[in-house]
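Visitor: Pasting the sequence and the predicted model now:
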Amino acid sequence: MKTFARLALLVVLISAMPAPTARAWPFKSKLTRENYEKIHNGMTKAQVEEILGMPKMKSEAEIQGIGKLESWIYWHRRTMVMIGFTNGYVSDESWTEGW
């Protein structure tokens, strides 16, 4: 009987604890139009990361005669931002809403 009571108490305590995601929601996304407007050609990856945070997805390729190309993709709700880097510096950026 004591084991059952302890188990029941443990279940009640665990269910009363907030989930880790509950603390994160609603979170304030760094992906805003205001922050996007701060991004410009020639910025470093560190500078972009400071403004927008870590991207959701990264891809990279090495192209002979051009160098290393990298794309960082961010999205939040119905907004997607792509930041393109050439040899470590911003060379392209795009903002898409409603996709």
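Guide: Alright, I've got the coordinates.

Visitor: name the element residue 34 belongs to?
Guide: helix 33-36 (DSSP states H and E).

Visitor: tell me the helices in this protein, going along the chain?
Guide: Using DSSP state H, the helices found in the chain span residues 2-16, 20-24, 33-36, 45-52.

Visitor: elements contacting the helix holding residue 34?
Guide: Applying 3 or more CB pairs under 8 Å, 6 or more residues apart in numbering; DSSP states H and E, we find helix 33-36 packed against helix 45-52, strand 89-97. For the C-beta atoms, the positions are set from N, CA and C on the backbone; glycine is no exception.

Visitor: which other residues reach the first one?
Guide: If I follow you right, that is helix 45-52. Identification of contacts with helix 45-52 by CB atoms under 8 Å, 6 or more residues apart in numbering yields 30-31, 35-36, 38-39, 70, 72, 74, 81, 83, 85, 88, 90.

Visitor: In stretch 84-98, which of the residues would be classed as buried?
Guide: Applying a neighbour-count criterion of 16 or more other CB atoms under 10 Å, one finds 85, 90, 91, 93 buried in stretch 84-98.

Visitor: got the end-to-end distance for it?
Guide: 21 Å (CA to CA, to the nearest Å).

Visitor: what does stretch 72-90 give?
Guide: In stretch 72-90, first residue to last residue: 10 Å (CA to CA).

Visitor: what do you get for stretch 31-39?
Guide: Using CA to CA, the end-to-end distance of stretch 31-39 comes out at 11 Å.
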